[in-house]
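> here is a sequence with its predicted model. Questions after.
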Amino acid sequence: MTAPIRTDFDEWLVQTYSEIGDFTVLFVLLRVTDTTVEPLRSAWLHVVGDETRWPDMTRLFIGAGVEWSAAVFFRAGREGLVRDEEARARLGALTRKLHEDRSLIRDGEFFNADGLRLRLDEQPAH
């Protein structure tokens, strides 16, 4: 029996799976404060089925060994599942770009530690 949908993440994953089937997702754990967003750790995951729920993801994140407050997810490619070598290369490119330009988070699916959707807004210059 599949766990019920309880978070925005769960809803996103189920909807994405229903649209494209199995897919590879790149994700980056972040530390978010009132004024900064800091990438911490990243990895990829092959999503096979729509049974994964937010608590499953947070258990996976424990292995990163960092205190995180948000995560952003990006499909690895339009083709659905990608090979590990390709996922690794795409993740490397993504993390390099994120370190240069945090606004790329807007192109992903951005969730807080409770699995609820976040939005990244620009801070006005002081």
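Thanks, I have it.
> and the nearest residue to D107 once chain neighbours are set aside, which of the three is it?
Leaving aside its chain neighbours, D107 sits nearest to F74 (7.0 Å; criterion: C-beta to C-beta, 6 or more residues apart in numbering). Heads up, the C-betas are built off the backbone N, CA and C, glycines and all. The three-state label given to F74 by DSSP: H, G, I helix; E, B strand; the rest coil is strand.
> CA atoms only for the longest helix seen in the chain, dumped as PDB, please.
Looking only at the chain and at elements set by DSSP state H, the helix with the highest residue count is helix 84-100. What follows is the C-alpha trace of helix 84-100 in PDB, where atoms were taken according to Å, rounded to 0.1, in the frame of the first residue of the first chain:
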ATOM      1  CA  ASP A  84      24.800   7.100 -13.400                       C
ATOM      2  CA  GLU A  85      27.700   8.500 -15.400                       C
ATOM      3  CA  GLU A  86      25.500  11.000 -17.000                       C
ATOM      4  CA  ALA A  87      23.700  11.900 -13.800                       C
ATOM      5  CA  ARG A  88      27.100  12.500 -12.100                       C
ATOM      6  CA  ALA A  89      28.200  14.800 -14.900                       C
ATOM      7  CA  ARG A  90      25.000  16.700 -15.000                       C
ATOM      8  CA  LEU A  91      25.000  17.100 -11.200                       C
ATOM      9  CA  GLY A  92      28.600  18.400 -11.300                       C
ATOM     10  CA  ALA A  93      27.600  21.000 -13.900                       C
ATOM     11  CA  LEU A  94      24.500  22.000 -11.900                       C
ATOM     12  CA  THR A  95      26.300  22.400  -8.600                       C
ATOM     13  CA  ARG A  96      29.100  24.500 -10.200                       C
ATOM     14  CA  LYS A  97      26.400  26.800 -11.700                       C
ATOM     15  CA  LEU A  98      24.500  27.000  -8.400                       C
ATOM     16  CA  HIS A  99      27.600  28.100  -6.600                       C
ATOM     17  CA  GLU A 100      27.800  31.000  -9.100                       C
END
